[in-house]
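Colleague: pasting the sequence and the predicted coordinates here, then a few questions.
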Amino acid sequence: MFVRTEETIVEPVPADQNEIIGDTSVRPLEPHTYSLKFAQEGEWYITLPASKNKEVEDVIEYKVVGDMIKITWIAMLSGSYILHHGDLEKTILVESLF
């Protein structure tokens, strides 16, 4: 079964497959927490799309707490980032503040 969103068709993740849990669309200056469906070895890290000419620290504040990560987009502009944990990844879109 497929789920249609405004932009893409997303296949649901099977119940026994791990995934990053959290919002895929966020607003600047609001903290968002992400976790894993099932605990696994690995570290959290964040990358920006190659087209951006910024460092992660220029637009994101984050703190890892156990198996969770709390992220705040601190730039006033919209954008996106990719959240990674081990071999899992999730693309997060940041809406405009205005």
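Modeller: Now that the structure is in, tell me what you want to look at. Numbering: from 1, shown residues only.
Colleague: tell me the confidence at V13?
Modeller: V13 is assigned a predicted lDDT (pLDDT) of 66.
Colleague: over to V65?
Modeller: Looking at V65, its pLDDT reads 90.
Colleague: which residues does it contact?
Modeller: Going by Cβ atoms under 8 Å, 6 or more residues apart in numbering, V65 touches no other residue. Heads up, the C-betas are built off the backbone N, CA and C, glycines and all.
Colleague: what of S96?
Modeller: So S96 contacts 28, 77-78 (Cβ under 8 Å, 6+ apart).
Colleague: how does it look with 6 Å?
Modeller: For S96, the contact set (Cβ atoms under 6 Å, 6 or more residues apart in numbering) comprises S78.
Colleague: what about it, is that helix, strand or coil?
Modeller: coil (DSSP: H, G, I helix; E, B strand; the rest coil).
Colleague: quick check: closest non-adjacent residue to D58.
Modeller: Nearest residue to D58, sequence neighbours excluded (Cβ to Cβ, 6 or more residues apart in numbering): A75, at 7.2 Å.
Colleague: same deal with W44?
Modeller: I69 (4.4 Å).
Colleague: from I20, how far off is that neighbour?
Modeller: Distance, I69 to I20, using Cβ to Cβ, to the nearest Å: 9 Å.
Colleague: next one: S35
Modeller: S35 sits 8 Å away from I20, going by Cβ to Cβ.
Colleague: do T72 as well
Modeller: 17 Å.
Colleague: between the two, which one's more packed in?
Modeller: Taking other Cβ atoms under 10 Å, T72 and I20 do not tie; I20 has more neighbours (20 against 15).
Colleague: got the contact list for that one?
Modeller: Going by Cβ under 6 Å, 6+ apart, I20 touches 34, 88, 90.
Colleague: what is the lowest-pLDDT residue among those?
Modeller: When those are compared, L88 shows the smallest pLDDT, 93.
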